[in-house]
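Undergrad: Next come a sequence and a model predicted from it.
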Amino acid sequence: GKAVIPFAKLGEGGLFLVSGETGAGKTTIFDAICFALFGEASGSNRTIDSVRSDFAQGETKTYVELLFQHKGRGYRVLRNPAYRRPKKSGEGMTMETAEAALFCGEETLATGFVQVKKAVETLLSVDAKQFKQIAMIAQGEFLKLLYAESSERGSIFRKVFHTDIFAEFQQKLKEEEKQNRIQLEDCEKRLVYALKQL
């Protein structure tokens, strides 16, 4: 069937704990969000083949629609996986193509399974792996962020807090220091040579 989860009714804090018994569907919620945005499941041990229920009727359409806000603007992403379904005319089965579309209001920002993923990555400034580490932490996934290399954590936090400009400034200072050091060494060599000549 169809399930609708109105997260907005839980408040505007944006921080939710999804809890329940084993098998209650917690992971399904994470999978739906992550699949909508990036076209992949929420955990590293699952694939997108698992997003369509084995018990779904052949004619039942499998898709996810996610409405979210980012920087004061409303977005909607619609995505379906590839799956086998009965032919609309005749007998036998056919393959439903994986599709996706990203909208902002009435404007279509991107269409296509991969294109929407890239558009979402640009919009949110994080890729699927980083999103799963910071915005939607499934069981055990938080440990991966805690135990990640400091350079990887630094990269994640730079994207989240938009501090790339400081990293670029630091790199520019390093390059200028290197150039000035080379010039200083050249001056010292010329000075030593001049002293030897004297």
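TA: Received, thanks. Residues are numbered from 1 along each chain as shown.
Undergrad: hey, where'd the strands end up in the protein?
TA: 64-70, 73-80, 83-86, 93-96, 99-104, 107-111 (DSSP state E).
Undergrad: lowest average confidence, helix or strand, in this protein?
TA: Using mean pLDDT, DSSP states H and E, helix 141-146 stands out as the lowest-scoring helix or strand of the chain, at a mean of 64.
Undergrad: about what we covered before: in CSV: the strands of the chain, plus mean neighbour count, mean pLDDT and distance to residue 27.
TA: (Each C-beta comes from the backbone N, C-alpha and C, glycine too.) Shown next, in CSV, are the strands of the chain (neighbours: other Cβ atoms under 10 Å; pLDDT from 0 to 100; distance: least, Cβ to Cβ, whole Å):
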stretch, mean neighbour count, mean pLDDT, distance to residue 27
strand 64-70, 15, 93, 14
strand 73-80, 18, 94, 18
strand 83-86, 15, 85, 19
strand 93-96, 12, 86, 23
strand 99-104, 19, 95, 21
strand 107-111, 13, 94, 27
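Undergrad: Could you dump those strands into a markdown table and include distance to residue 29?
TA: Shown next, in a markdown table, are the strands of the chain (distance: least, Cβ to Cβ, whole Å):
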| stretch | distance to residue 29 |
| --- | --- |
| strand 64-70 | 11 |
| strand 73-80 | 15 |
| strand 83-86 | 20 |
| strand 93-96 | 23 |
| strand 99-104 | 19 |
| strand 107-111 | 24 |
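Undergrad: out of the ones you listed, which comes closest to residue 47?
TA: Among those, strand 83-86 comes nearest to residue 47, with 12.8 Å by Cβ to Cβ.
Undergrad: Pull up the pairing partners for the closest one, direction included.
TA: Partner strands and pairing direction for strand 83-86 (DSSP bridges) are strand 93-96 (antiparallel).
Undergrad: What are the contacting residues of the partner strand?
TA: For strand 93-96, the external contacting residues (Cβ atoms under 8 Å, 6 or more residues apart in numbering) are 58, 61-62, 80, 82-87.
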